[in-house]
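K.L.:
predicted model and sequence below, questions to follow.
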Amino acid sequence: MRLLILGEASLIGLVGGSMGTLAGLGAARLGDYVASRLPEFPYKPETFFTFPAWLWFAAIGGAVLFCLIGAFFPANAAARQHPAAALTQ
């Protein structure tokens with residue numbers, strides 16, 4: 001039971017973290033598009049947002065980690081119960 005709940009939590013963290021990082025990338029691209037419409041000014045960067053590759057993995061890994069932390073105590077409580085009782089509550 002514990003592994004089932006923690007597995008579901010890690011899947012939720014993986015999907016949620018991936019969707020969040022994609023939403024962040026989309027917002028950054030939108031911000032760059034809007035900024036490209038600004039008039040030229042000295043030292044105007046090519047992009048206002050740069051994301052190193054390790055940051056994507058850290059964001060998704062952080063989402064998975066925090067989902068696992070949040071599910072740890074409920075998973076332990078469910079593991080102490082009879083499986084049928086845990087699934088019906």
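P.N.:
Sure, I can see it. Worth saying up front: this structure is predicted, and the values here are computed from it rather than measured. Residues are numbered from 1 along each chain as shown.
K.L.:
how close does the residue nearest the centre of the chain sit to L68?
P.N.:
Per C-alpha atoms, centre = their mean, the C-alpha nearest to the average position across the chain is that of G17, at 1.7 Å. According to C-beta to C-beta, to the nearest Å, G17 stands 12 Å off from L68. For glycine as for every other residue, the C-beta is placed from the backbone atoms N, C-alpha and C.
K.L.:
quick one on the thing from earlier: and the residue nearest to the centre of the chain, what does it touch?
P.N.:
G17 makes contacts with A59, I60, G61, G62, A63, V64, as judged by C-beta atoms under 8 Å, 6 or more residues apart in numbering.
K.L.:
repeat that for 7 Å
P.N.:
A59, I60, A63, V64 (C-beta atoms under 7 Å, 6 or more residues apart in numbering).
K.L.:
please identify the helix or strand for it.
P.N.:
Per DSSP states H and E, G17 falls inside helix 2-36.
K.L.:
buried ones in that helix?
P.N.:
By neighbour count on 16 or more other C-beta atoms under 10 Å, the buried set for helix 2-36 is R2, I5, L6, A9, S10, I12, G13, G17, T21.
K.L.:
let me know the closest of those to L87.
P.N.:
Relative to L87, the closest of the buried residues of helix 2-36 is I5; by C-beta to C-beta it sits at 10.6 Å.
K.L.:
nearest residue to that closest one other than its sequence neighbours?
P.N.:
A75 (3.9 Å; C-beta to C-beta, 6 or more residues apart in numbering).
K.L.:
give me the number of residues near the one you found?
P.N.:
By other C-beta atoms under 10 Å, the residues close to A75 number 20.
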